[in-house]
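[1] Pasting the sequence and the predicted coordinates here, then a few questions.
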Amino acid sequence: MYDYLIVGAGLFGSVCAYELNKRGKKCLVIDKRNHIGGNIYTENIEGINVHKYGAHIFHTHDRDIWNYINQFSEFNNYINQPVARYKNEIYNLPFNMNTFTKLWDDVFTPSQALKRIEEEKSIYHIENPSNLEEQAINLVGKTIYEKLIKGYTQKQWGKPCKELPAFIIKRLPVRFTFDNNYFNDRYQGIPIGGYTKIIQKMLNGIEVKLNCDFFKYKEKLLKECKKIIYTGPIDQYYDYIYGNLEYRSVRFESEILDIPNYQGNAVVNYTDYEVPYTRIIEHKHFEFDSTSPKTIISKEYSSKWKLGDEPYYPLNDERNNSLYQKYKELALKEKNVIFGGRLGQYKYYDMDDVISSALSILKEID
Ligand code: FAD
Ligand code: UDP
């Protein structure tokens, strides 16, 4: 008999397993995939740690979370500084003085950049922006919107910016300094040796069953376990009785190339609509010590999701948020099941949010 069945060997499930095991609880961790780690899984190919489910950069403002993850791995000092390619032009991201001075020949100082953006904004300014296009133009003006936002966003979300909610763009920093750091967080890096090693350490000494789908073995598993921590999709747990939650999916096309350096940066965003992928990741540039004569790149194609596809980004619009609330009400009535992680709580969680949410749920259990 197990104290806990943990469905999902991703970051949320693994933090729970590690903490419960430390408290002397007997846990069984299952995952329907053939590997641990969920979406942060990295696989070493040709001496390069490949981020199989998309680029993962650990960043947090919270010192406790940073110390927590550092127990399991040393981190390098990688700082995310993506580059945007618009047709045959290259710009720095996020929007900062490097971007502005390259966009406009007569802009050299922060006040000139500010003035230029203000001029562009004032032509189209809308008092209460009701969609992403209006919000973006209010934020950075028409030129940046047209070159760096419009095409990328439409590819990413499969809809024109006019039909998207304004909040999506609020995450992107706009800076009047020469600072290409994509994140404002104090702590940032990539674990040396990859993310899978972190999960291996968390699950050390705990029983793990891979290729094991909860719904296939539910009857048997429920007899063997007192409580469940479930990190799969919440609507699936309830057999989609109210209908299914929607996601945006991503398809990765990876290639091993016989050259040491393809694009000179870990992340290059392709911001014009005509290029079908949103970005190219070159995995070796997340690390600084790769001596491989080869390189591995992944093209990311954002795609429409249908039931059965891999769910990536929750579509937190009105329909889906209210549907989630209905499932959440059912979940709150459960005595022996805890729903966690990005699928269990239908929330776009970064890794630091996942750790913090798992640790606070464990506190409640205590
Ligand atoms: P998951 O990793 O999805 O784990 C859930 C696990 O449950 C999966 O392994 C799944 O196979 C398993 N499972 C589901 N159903 C069943 C079932 N029926 N039976 C058995 N097992 C089941 N965060 C950052 O902090 N920085 C980044 O740079 C970053 N980049 C990202 C890029 C992309 C493209 C995406 C999609 C996400 C990114 N994230 C990033 C977010 C990060 O991936 C998540 O915060 C984290 O992986 C969530 O962990 P989780 O355990 O909740 O979910
Ligand atoms: N975005 C953009 N151009 C870029 C990068 C991002 O227009 O080059 C927009 C896009 O709408 C995206 C949002 O900013 O959905 C948030 O970007 P972020 O990189 O934070 O998204 P992630 O893919 O990491 O969730």
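    Great, that's in hand. Ligands and ions are numbered 1, 2, ... in the order given.
[2] Might you enumerate the residues of the stretch 201-350 of the chain proximal to ligand 2?
    269, 271 (CB under 6 Å from any ligand atom). Using the backbone N, CA and C atoms, a C-beta is placed for each residue, glycine as well.
[3] Same question for the stretch 1-150 of the chain.
    Close to ligand 2, as judged by CB under 6 Å from any ligand atom, the stretch 1-150 of the chain has residues 84, 93, 148-149.
[4] could you redo the last one with a cut-off of 8 Å?
    Listed as neighbours of ligand 2 in the stretch 1-150 of the chain under the rule CB under 8 Å from any ligand atom: 82, 84, 93-94, 132, 136, 148-150.
[5] Narrow those to those in strands?
    Among those, the ones falling in strands (DSSP state E) are Ala84.
[6] residues contacting Ile355?
    11, 15, 65, 68-69 (CB atoms under 8 Å, 6 or more residues apart in numbering).
[7] Quick check: of these, which lies closest to ligand 1?
    Among the contacts of Ile355, Leu11 lies closest to ligand 1 (CB to the nearest ligand atom), at 4.1 Å.
[8] Farthest pair within the residues of the stretch 1-150 of the chain next to ligand 2?
    Greatest spacing in those, by CB to CB: Pro82 and Leu132 (19.4 Å).
[9] between those two, who's got more neighbours?
    Leu132 (26 against 19; other CB atoms under 10 Å).
[10] Spit out the contact partners of that one.
    153, 161-162, 164-166, 168-169.
[11] what does Phe286 give?
    49, 51, 55, 57, 78, 190, 266.
[12] can you do 6 Å?
    78, 190, 266 (CB atoms under 6 Å, 6 or more residues apart in numbering).
[13] How about the last one: what's its closest non-neighbour residue?
    Sequence neighbours aside, His285 is the residue nearest to Ala266 in space, at 3.8 Å (criterion: CB to CB, 6 or more residues apart in numbering).
[14] Of the contacts of Phe286, which is the most crowded?
    Ile190 (26 neighbours).
[15] hmm, back to that, tabulate the contacts of Phe286 (CSV), appending pLDDT and secondary structure.
    As requested, the contacts of Phe286 are exported to CSV (pLDDT from 0 to 100; DSSP: H, G, I helix; E, B strand; the rest coil):
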residue, pLDDT, secondary structure
Tyr78, 98, coil
Ile190, 98, coil
Ala266, 98, coil
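[16] Next one: stretch 307-321, is it in contact with ligand 1?
    Yes: residues of stretch 307-321 contacting ligand 1 under CB under 8 Å from any ligand atom: 311-313.
[17] ok, now stretch 247-265?
    Yes: Stretch 247-265 reaches ligand 1 (CB under 8 Å from any ligand atom) through Val250.
[18] Start and end of that stretch, how far apart?
    29 Å (CA to CA, to the nearest Å).
[19] Centre of the chain to that stretch, how far?
    With CA atoms, centre = their mean, to the nearest Å as the basis, stretch 247-265 stands 17 Å off its chain's centre.
[20] let's have the chain start at 659 instead
    I'll keep to 659 as the first residue from here, and by that count the last item is stretch 905-923.
[21] Lys867 versus the residue nearest to Ala924, what's the distance?
    His943 is 35 Å from Lys867, where distance means CB to CB, to the nearest Å.
[22] Counting neighbours, go ahead and name the busier of those two.
    Neighbour count, other CB under 10 Å: between His943 and Lys867, His943 has more, with 19 against 13.
[23] Spell out the secondary structure type for whichever residue of the stretch 709-858 of the chain sits closest to ligand 1.
    In the stretch 709-858 of the chain, the residue that lies nearest ligand 1 is Gly712 (2.7 Å; CB to the nearest ligand atom). Secondary structure, DSSP: H, G, I helix; E, B strand; the rest coil: Gly712 is coil.
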